[in-house]
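*Asks:* sequence isn't available, so here's the structure alone:
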């Protein structure tokens, strides 16, 4: 995944230029209180680890072990393969490692080989595919045959096959595909039929669009186009996939998974899975890099998992498990990458929350409802024996995003909607105006009603953006209960990045030195096994690799293999010190009593405050 901006930059006045308030500056609480009812005896089976999934740059054994220990064992591992320039050996190695660790295997194929390219020049994007690799293949059948050949090699060399194949990655983005939805459907036709013919057990789908409602130049969403096309032409289609870098809980508003499932069922395809094959708080580290290391990412993780479960998503893959070395050049816990683990395996707040929620997936889910739907606050509740656990998250709503979504539902852009209704708001004598006043200023009754609703909703959202939210929990239980410990992740609690500044450098230097030693010892053992006796000390002292290769009779191919091995093993060995680092006193997650956390029980009603961009984990012990 590479950086792309989804931030709205609308310049809005009048109706939408709401004045700053005390709540917006962080004083007191903002927005309407959220009331949630917890039915402790209304249970449904948990989703289990099928709902756990990750994308990772390489198949790092230690990273997989940490994910499995956290509760993700049996989850999904996604790996891209660029047919345009396949790293087949590395791909097979990563898939084998993930298979051996018990993952469900997901393979995303993309890219056009030079021999099939229909373009050689074009815009050179900083990231993405080259002009030739993102062009429409001249022979879609030959392109599909390339995929089948890679699968055949994987089966022959490793004895495994992916469980899922996703056709292309983000074809709605110009840096990844230059074709239209019609071009994509041609590719999908050839790929799905030939893969199904050769390997009938693999589940096939797509299109892995970056934006759920992307049209790719068509008349409707590409996801709709694909399922309608597959139904009409009797093509294999086992899942629909898309990525999520929008507002955390947007699916509760756009109902994408629900509407797609309804469409699939109406077309006689009720078993098609709805899968978010990539998601995180932001699509890259260019903007807001520290969010990935702080409570913002933890709140996004908790909110997204809760919302996607509520909306019926079948699988998801978090992007990504471990920071990529060199992504920004920043050290651990200082904005260095998109992972939930740092390069050296330090658990970020997002990983700590992930650990809790993955384990909760194995428990019975408790029915939790909201008296009035709220886009920002989410609650995931499970029960194990007499212990009820609640993960509460608060992700303030972006008011520009909210305007755009509400306006889109009316068939307009946010800017057009604002231009249309702002004069009526300015002419109305009251603030806020009444529907009759807006009608007197020229709006229809329906438009006046919608405009006032949007105004009030955005005003409430803005008031809660920088202020705590009041949350009321109604506990419905026949017996008594007591409050257990509370764990908070916010700017003042378990902010591991803030706590560690200036204290990690020595420990990281030692961990990195140990990782390099382990890696060079592995390379020396590998060379020795190939008939080139080598010691760790010899490799450590290399200044000129080419001169070393010549002196020791190593050919260019073996030298390339060693370079790749060094890179990959170093990534994995950097995690060797994870347990030691995570045991450092200043990296410990601390819990507190309910009273200390401001959680008050008044007999059947629990009241608390949730900070913006925060997570609170609360246990209730039933008698």
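*Replies:* Looks like it arrived, so ask away. The shown structure was predicted, so the numbers you read here are calculated from the model rather than taken from an experiment. Numbering: from 1, shown residues only.

*Asks:* where does the stretch 351-500 of the chain dip in pLDDT?
*Replies:* Across the stretch 351-500 of the chain, the ranges flagged by pLDDT under 70 are 499.

*Asks:* quick one, strands of it?
*Replies:* Counting by DSSP state E, counting those that start in this stretch, one finds strands in the stretch 351-500 of the chain at the ranges 364-370, 377-384, 387-394, 469-476, 481-489.

*Asks:* could you dump those to JSON lines with mean neighbour count?
*Replies:* C-beta: built from backbone N, CA, C; applies to glycine. What follows is these, written out as JSON lines (neighbours: other CB atoms under 10 Å):
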{"stretch": "strand 364-370", "mean neighbour count": "17"}
{"stretch": "strand 377-384", "mean neighbour count": "22"}
{"stretch": "strand 387-394", "mean neighbour count": "24"}
{"stretch": "strand 469-476", "mean neighbour count": "19"}
{"stretch": "strand 481-489", "mean neighbour count": "19"}
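
*Asks:* which one, of the ones you listed, ends up nearest to residue 504?
*Replies:* strand 481-489 (18.9 Å; CB to CB).

*Asks:* contacts made by the closest one with the rest, please.
*Replies:* 295, 298-299, 349, 352-353, 387-388, 475, 494-495, 589-594, 596-597, 599, 601, 606, 611, 614-623 (CB atoms under 8 Å, 6 or more residues apart in numbering).

*Asks:* what's near enough to touch residue 99?
*Replies:* Going by CB under 8 Å, 6+ apart, the list of residues near residue 99 reads 105, 158, 160.

*Asks:* swap in residue 442?
*Replies:* Taking CB under 8 Å, 6+ apart, one finds 423-424 in contact with residue 442.

*Asks:* again, only this time at 7 Å
*Replies:* residue 424 (CB atoms under 7 Å, 6 or more residues apart in numbering).

*Asks:* for the stretch 501-623 of the chain, which segments are assigned as strands?
*Replies:* Under DSSP E, counting those that start in this stretch, the stretch 501-623 of the chain gives strands at 600-601, 605-610, 614-622.

*Asks:* residues contacting the longest one, please?
*Replies:* I take that to be strand 614-622. Under CB under 7 Å, 6+ apart, the answer for strand 614-622 is 40, 295, 298-299, 302, 353, 356, 386-394, 475, 477, 479, 481-490, 599, 608, 610.

*Asks:* between it and strand 364-370, how big is the angle?
*Replies:* Orientation check (axes from the mean of the first three to the mean of the last three CA atoms, to 10 degrees): strand 614-622 against strand 364-370 gives 120 degrees.

*Asks:* now do strand 614-622 and strand 377-384, the angle between them.
*Replies:* Using the same axes, to 10 degrees: strand 614-622 against strand 377-384 is 30 degrees.

*Asks:* buried residues in strand 614-622?
*Replies:* For strand 614-622, the neighbour count (16 or more other CB atoms under 10 Å) marks 614-620, 622 as buried.

*Asks:* worst-scoring helix or strand of the protein, pLDDT-wise?
*Replies:* The helix or strand of the chain with the lowest confidence, counting by mean pLDDT, DSSP states H and E, is helix 496-500 at a mean of 75.

*Asks:* re earlier: which one (most neighbours) among the contacts of residue 99?
*Replies:* residue 105 (21 neighbours; other CB atoms under 10 Å).

*Asks:* now do the SS call for that one.
*Replies:* Applying DSSP: H, G, I helix; E, B strand; the rest coil to residue 105 yields a three-state assignment of strand.

*Asks:* what's near enough to touch the closest residue in space to it that isn't next to it in sequence?
*Replies:* Closest residue in space to residue 105, ignoring its immediate chain neighbours: residue 162 at 4.2 Å, by CB to CB, 6 or more residues apart in numbering. Neighbouring residues of residue 162 by CB under 7 Å, 6+ apart: 95, 105-107, 202.

*Asks:* roughly how far out does stretch 604-619 sit from the chain middle?
*Replies:* 23 Å (CA atoms, centre = their mean, to the nearest Å).

*Asks:* and that stretch, average pLDDT?
*Replies:* For stretch 604-619, mean pLDDT is 96.

*Asks:* related to what we said a few turns ago, for the least confident helix or strand of the chain, which positions count as buried?
*Replies:* In terms of neighbour count (16+ other CB under 10 Å), helix 496-500 has its buried residues at 496-497, 500.

*Asks:* please tell me how far that helix is from the chain's geometric centre.
*Replies:* Worked out by CA atoms, centre = their mean, helix 496-500 lies 23 Å from the chain centre.

*Asks:* so what touches it?
*Replies:* Residues contacting helix 496-500 (CB under 7 Å, 6+ apart): 290, 293-294, 333-334, 348-349, 586-587.

*Asks:* quick one: which of those residues is nearest to residue 563?
*Replies:* For those, the nearest to residue 563 is residue 334 (28.1 Å; CB to CB).

*Asks:* how close does that closest one get to residue 548?
*Replies:* Noted for residue 334: a distance of 35 Å to residue 548, by CB to CB, to the nearest Å.

*Asks:* can you check residue 424 too?
*Replies:* Taking CB to CB, one finds residue 424 at 77 Å from residue 548.

*Asks:* who's more crowded, the two?
*Replies:* Counted by other CB under 10 Å, residue 424 and residue 548 do not tie: residue 424 has more neighbours, with 21 against 17.

*Asks:* residues of the lengthiest helix in the chain that come out buried?
*Replies:* In the chain, taking DSSP state H as the definition, the longest helix is helix 505-529. Across helix 505-529, burial judged by 16+ other CB under 10 Å covers 507-508, 511-512, 514-516, 518-524, 526-527.

*Asks:* show me what that helix is packed against.
*Replies:* On a contact count with 3 or more CB pairs under 7 Å, 6 or more residues apart in numbering; DSSP states H and E, helix 505-529 meets helix 536-540, helix 556-573.

*Asks:* repeat that for 8 Å
*Replies:* helix 536-540, helix 556-573, helix 578-582 (3 or more CB pairs under 8 Å, 6 or more residues apart in numbering; DSSP states H and E).

*Asks:* in terms of helices and strands, where is residue 35?
*Replies:* Using DSSP states H and E, residue 35 sits in strand 34-44.

*Asks:* neighbouring strands - and their directions - for whichever helix or strand comes after that strand?
*Replies:* Next helix or strand after strand 34-44 toward the C-terminus (DSSP H and E): strand 53-55. Strand 53-55 pairs in its sheet with strand 76-82 (parallel), strand 315-319 (parallel), by DSSP bridges.

*Asks:* ok, residue 290 to residue 251 distance?
*Replies:* Taking CB to CB, one finds residue 290 at 26 Å from residue 251.

*Asks:* that should have said residue 152, apologies.
*Replies:* Going from residue 152 to residue 251 by CB to CB gives 38 Å.

*Asks:* helices of the stretch 251-400 of the chain, residue ranges please.
*Replies:* 251-254, 256-266, 295-310, 349-360, 399-409 (DSSP state H, counting those that start in this stretch).

*Asks:* neighbours around residue 436, how many?
*Replies:* Other residues close to residue 436 by other CB under 10 Å number 11.

*Asks:* below-threshold pLDDT in the stretch 1-150 of the chain: ranges please.
*Replies:* Ranges of the stretch 1-150 of the chain meeting pLDDT under 70: 1-31, 59.

*Asks:* what's near enough to touch the closest residue to residue 290 other than its chain neighbours?
*Replies:* Spatial nearest neighbour of residue 290, excluding adjacent residues (CB to CB, 6+ apart): residue 335 at 4.5 Å. Neighbouring residues of residue 335 by CB under 8 Å, 6+ apart: 285, 289-290, 292-293, 328.

*Asks:* count the residues that sit near residue 556.
*Replies:* Residue 556 has 9 nearby residues by other CB under 10 Å.

*Asks:* mind listing what the residue nearest to it when sequence neighbours are not counted touches?
*Replies:* Spatially, and ignoring its direct neighbours in sequence, residue 556 is nearest to residue 549 (7.7 Å; CB to CB, 6+ apart). Residue 549 makes contact with 555-556, 558-559, according to CB under 8 Å, 6+ apart.

*Asks:* please spell out the PyMOL selection for the buried subset of these.
*Replies:* Entered in PyMOL, the line below selects the buried ones among the contacts of residue 549, by 16+ other CB under 10 Å:
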select buried, resi 558+559
